[in-house]
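[1] only geometry, no sequence info:
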């Protein structure tokens with residue numbers, strides 16, 4: 001159902017049925033707008049009280065449903081701060097996880113302590129990618145933050161997807177905007193992909209533009225549009241850069257680089273890309289940058305759990321297009337383990353890299369650290 005609704009609100013060529021569906025949902029949109037407006041106003045006026053942690057809190061989020069690159073941004077920023085000598089802990093809500101525990105320490109910085117089902121996709125991914133940076137999940141960010149501070153005596157807490165979680169005081173808000181689809185469909189939920197009105201940009205301390213190597217409009221035009229709302233905030237540029245390729249089930253994420261395959265192996269190959277992420281077209285574009293002969297994409301909904309019929313569909317599609325390589329994301333890796341029993345599957349790891357503004361970011365963050 002979630003996949004069907006998301007397809008309805010994101011399609012660029014709506015037919016009569018989809019148009020009618022959107023019309024019927026319009027009253028819900030205005031109800032949603034009203035709730036968001038009142039909620040933000042209450043926080044702005046101090047009517048709704050915020051809780052505060054005894055350490056620096058940095059929020060990284062977005063205002064659009066779908067993948068803007070906030071989790072890769074969280075990983076990159078966490079590593080930057082960790083290398084500067086700060087003790088960093090990442091907090092996530094743990095979307096889609098199934099656990100009887102309200103709060104779970106997914107990683108103590110050294111080893112992963114939970115399964116993907118117990119931790120959620122993003123937390124599980126970060127736990128495997130990052131060294132020396134604990135990962136904790138829990139719906140209540142203040143309670144989760146208290147555990148982070150008490151257990152790890154951290155200097156900094158990073159909130160992954162924290163822009164709308166205004167109940168917890170933060171020292172700085174970093175808002176990620178995907179240059180390939182800056183404001184989604186331009187319409188609010190439930191008939192569009194905006195979580196908040198575009199005017200909510202004004203709460204951001206720093207804007208981080210992602211995927212600036214393939215923008216839908218000139219970057220300077222996008223920056224000028226953003227500056228209408230926040231003229232004094234820093235705007236940084238970044239790209240999603242492919243870093244390594246390896247066969248699914250044959251790689252240790254943190255320690256073993258011996259099993260990686262040169263990225264140039266994808267050149268002039270027929271590729272079938274499979275993913276269940278917020279922006280599957282961006283994943284396709286990243287593979288396209290590696291110059292394959294052709295690329296076919298099978299997109300699934302974000303956080304998708306692959307069924308036996310999905311696996312069969314992928315296997316059949318691979319044969320149909322005579323794919324030489326089936327490539328997926330690290331986010332999907334664990335969930336596609338059964339696919340590798342039928343055909344070889346390769347995982348493309350991607351890292352967010354700053355192309356402009358890295359030092360500006362570090363200076364602004366270090367200025368607010370307690």
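    Yes, it's here. Here the structure is a predicted model, which means the values were calculated and not measured.
[2] centre of the chain versus the longest strand anywhere in the chain, how much separation?
    Taking DSSP state E as the assignment, the strand of the chain that covers the most residues is strand 234-247. Computed by Cα atoms, centre = their mean, to the nearest Å, the chain-centroid distance of strand 234-247 equals 12 Å.
[3] Then stretch 299-306?
    Counting by Cα atoms, centre = their mean, stretch 299-306 comes out at 14 Å from the chain centroid.
[4] what comes up buried for stretch 166-178?
    166, 168, 170, 171, 172, 173, 174, 175, 176, 177, 178 (16 or more other Cβ atoms under 10 Å). C-beta: built from backbone N, CA, C; applies to glycine.
[5] Walking through the stretch 201-350 of the chain, point out its strands one by one.
    206-210, 234-247, 260-261, 270-275, 294-299, 325-329, 346-356 (DSSP state E, counting those that start in this stretch).
[6] And the shortest one, how far out from the chain middle?
    Pointing back at strand 260-261 there. Using Cα atoms, centre = their mean, the offset of strand 260-261 from its chain centre is 24 Å.
[7] tell me what that strand is packed against?
    For strand 260-261, the helices and strands in contact under the criterion 3 or more Cβ pairs under 8 Å, 6 or more residues apart in numbering; DSSP states H and E are strand 234-247.
[8] Same question for the fifth one.
    Packed against strand 294-299, as judged by 3+ Cβ pairs under 8 Å, 6+ apart, are the following elements: strand 270-275, helix 280-288, helix 308-320.
[9] tell me which residues in it are buried?
    295, 296, 297, 298, 299.
[10] Columns distance to residue 119 and pLDDT on top of these, output as CSV?
    Listed next are the buried residues of strand 294-299 as CSV, based on distance: Cβ to Cβ, whole Å; pLDDT from 0 to 100:
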residue, distance to residue 119, pLDDT
295, 31, 97
296, 31, 97
297, 27, 97
298, 26, 97
299, 24, 94
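[11] Nearest to residue 102, out of those residues: which one, please.
    Among the buried residues of strand 294-299, residue 299 lies closest to residue 102 (Cβ to Cβ), at 32.7 Å.
[12] ok, now how distant is that closest one from residue 317?
    Distance of residue 299 to residue 317, given as Cβ to Cβ, to the nearest Å: 12 Å.
[13] And for residue 274?
    From residue 274 to residue 317 the distance is 9 Å (Cβ to Cβ).
[14] rewinding a little: least reliable of the strands of the stretch 201-350 of the chain by average pLDDT, please.
    Note on the strands of the stretch 201-350 of the chain: lowest mean pLDDT is at strand 260-261, with a mean of 92.
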